[in-house]
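Trainee: model the structure of this input:
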Amino acid sequence: MTNMQQAVVHYALKPDAVELREMPVPEIGDEDVLLHVGAVAVCGSDIHQAHNTHTWPVQVPVILGHEFAGTVAAIGRGVKAFKEGDRVVSETAAEICGECISCRTGRYNLCPQRKGFGYGLHGAMTSYVRVPARCLHHIPDGLPFHFAALTEPCAVAYHAICVNSTIRPGDLVVVIGPGPIGLLCARMAALSGAYPLIVAGKADDADRLRTAIRLGATHTVNVDEEDLGAVVGSCDVLGAELVCEATGESRPLEVALRIVRPDGQVTKVGWSPPGIPIDTNPLVQKNVRLQGSFSHTYPMWEKAIHLLAEELLMPKEFVGLKTDLEDWKNAFESMHTSRVIKSVLLPEG
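Mentor: Residues are numbered from 1 along each chain as shown. Below you'll find the model as predicted:
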């Protein structure tokens, strides 16, 4: 192994400040592993950082990539649960304090000092990445790396729909925003018994809305041409028991509050730009429970791995492009323009 490697690096806080660079192979500590990256998926947050439209602090220069799987190449002296050659996926909480009440109660995703791969510490759009062993999960031999790399967004959706939301079989559920997270939330809702299940998007989401039907949606709505409220009302005059807002915009939260039924729930999983006013009065008037959902914890990863391995999350519907690191621009652009749902980079080709 050489001590240098190719990596997709976000090097400055300005638009288009991402390039392929030579970076050193990291050294590991006693509680770390050196992970040989088998596959790393592109996230919408990677694209936001590339366009400098992100709303979170980024420590540049930083190697992008936080949705990844691979093989343990070396272990620190204190690592007991993993050995060289193990096939694994990694969680994203690369650094936590370990001492706050969130960490001590297993909710380390909410640690105030949490830093993640790809913005706070070097990520996995490269050949080798340093990973704390506590972040790792074993994966079965039959789960390909390019599907295992989807575990992180699957865990996000599991947290949003199966932990932070309440769905009973036969509940009317609406998912607004058919991006990767929205579609995974729709799939989780379908597995949870949502019926009817409505997925709403825009005219340029036509392919993704067709995918939503294959994932279990009973209805899709093109909001550029159809009235989402009318479609919801045709299913239940009171509105939806649950609305999942996964657009990455602000205005759809106002729509969600309008179409949810009295005493219903709205779960917001999409990040939005700040400073856009919306009418929140329906939140009070209808006694709605508004729930944010952020990241994930260990049990959710175990569930997501199981569901992926059994193909219950239908990973073939999501991975539309597999390519090498040198083709990273195409991978980013293919997702940004909705040509594919998920791009996956294979550092070794």
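Trainee: residue 335 - how many residues pack around it?
Mentor: Residue 335: 23 surrounding residues under other Cβ atoms under 10 Å. Using the backbone N, CA and C atoms, a C-beta is placed for each residue, glycine as well.
Trainee: show me the contacts for the most centrally placed residue in the chain.
Mentor: Centroid check for the chain by Cα atoms, centre = their mean gives residue 153 as the closest residue, at 2.9 Å. Going by Cβ atoms under 8 Å, 6 or more residues apart in numbering, residue 153 touches 41, 43, 67, 180-181, 184, 342.
Trainee: before we move on, what about residue 137?
Mentor: Residue 137 is in contact with 88-91, 151, 298, 301-302, 305, counting by Cβ under 8 Å, 6+ apart.
Trainee: low-confidence ranges in this protein?
Mentor: Applying pLDDT under 70 to the chain flags residues 1.
Trainee: okay, now the domains of it?
Mentor: 4-150+318-345, 155-292 (automatic domain parsing).
Trainee: turn the ones you listed into CSV, columns for distance to residue 310.
Mentor: Shown next, in CSV, are the domains of the chain (distance: least, Cβ to Cβ, whole Å):
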stretch, distance to residue 310
domain 4-150+318-345, 10
domain 155-292, 11
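Trainee: what about the closest residue to residue 236 other than its chain neighbours, neighbour count?
Mentor: Distances taken as Cβ to Cβ, 6 or more residues apart in numbering put residue 172 closest to residue 236, at 4.9 Å, once the chain neighbours are dropped. Neighbours of residue 172 under the rule other Cβ under 10 Å: 25.
Trainee: what are the ranges of the helices in the protein?
Mentor: With helices called from DSSP state H, the chain shows them at 44-51, 101-104, 145-148, 151-158, 180-191, 206-214, 228-235, 251-259, 281-285, 298-309, 328-336.
Trainee: quick one: the fifth one to helix 298-309, angle?
Mentor: Just to be clear, that refers to helix 180-191. Angle, helix 180-191 to helix 298-309, by axes from the mean of the first three to the mean of the last three Cα atoms, to 10 degrees: 80 degrees.
Trainee: off-centre distance for helix 180-191?
Mentor: Offset of helix 180-191 from its chain centre (Cα atoms, centre = their mean, to the nearest Å): 11 Å.
Trainee: repeat that for the first one.
Mentor: Averaged C-alpha coordinates place helix 44-51 at 13 Å from its chain's average position (Cα atoms, centre = their mean).
Trainee: and the end-to-end length of stretch 255-264?
Mentor: 14 Å (Cα to Cα, to the nearest Å).
Trainee: and what of stretch 314-323?
Mentor: Note: stretch 314-323 ends 20 Å apart using Cα to Cα.
Trainee: buried stuff in that stretch?
Mentor: Across stretch 314-323, burial judged by 16 or more other Cβ atoms under 10 Å covers 314-315, 317-322.
Trainee: one more: stretch 282-293?
Mentor: Residues of stretch 282-293 classed as buried by neighbour count (16+ other Cβ under 10 Å): 282-283, 286, 288, 290-291, 293.
Trainee: give me the subset of those lying in strands.
Mentor: In strands, defined here by DSSP state E, the members of the buried residues of stretch 282-293 are 290-291.
Trainee: could you dump the buried residues of stretch 282-293 to TSV with distance to residue 113?
Mentor: Below are those laid out as TSV (distance: Cβ to Cβ, whole Å):
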residue	distance to residue 113
282	36
283	31
286	37
288	32
290	26
291	24
293	21
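Trainee: quick check, nearest of the buried residues of stretch 282-293 to residue 100?
Mentor: residue 293 (19.8 Å; Cβ to Cβ).
Trainee: got the residue ranges for the strands in the stretch 1-150 of the chain?
Mentor: Taking DSSP state E, counting those that start in this stretch as the criterion, the stretch 1-150 of the chain carries its strands at 4-10, 18-24, 32-41, 62-63, 67-75, 87-90, 128-132, 136-138.
Trainee: contact partners for the closest residue to residue 332 other than its chain neighbours?
Mentor: Distances taken as Cβ to Cβ, 6+ apart place residue 47 nearest to residue 332, at 5.4 Å, with adjacent residues excluded. Contacts for residue 47 (Cβ under 8 Å, 6+ apart) come out as 332, 335-336.
Trainee: so how far is residue 266 from residue 279?
Mentor: Using Cβ to Cβ, to the nearest Å, we find residue 279 at a distance of 13 Å from residue 266.
Trainee: before we move on, the earlier item: and of the domains of the chain, who's closest to residue 309?
Mentor: Among the domains of the chain, domain 4-150+318-345 comes nearest to residue 309, with 4.8 Å by Cβ to Cβ.
Trainee: got the end-to-end distance for that closest one?
Mentor: 19 Å.
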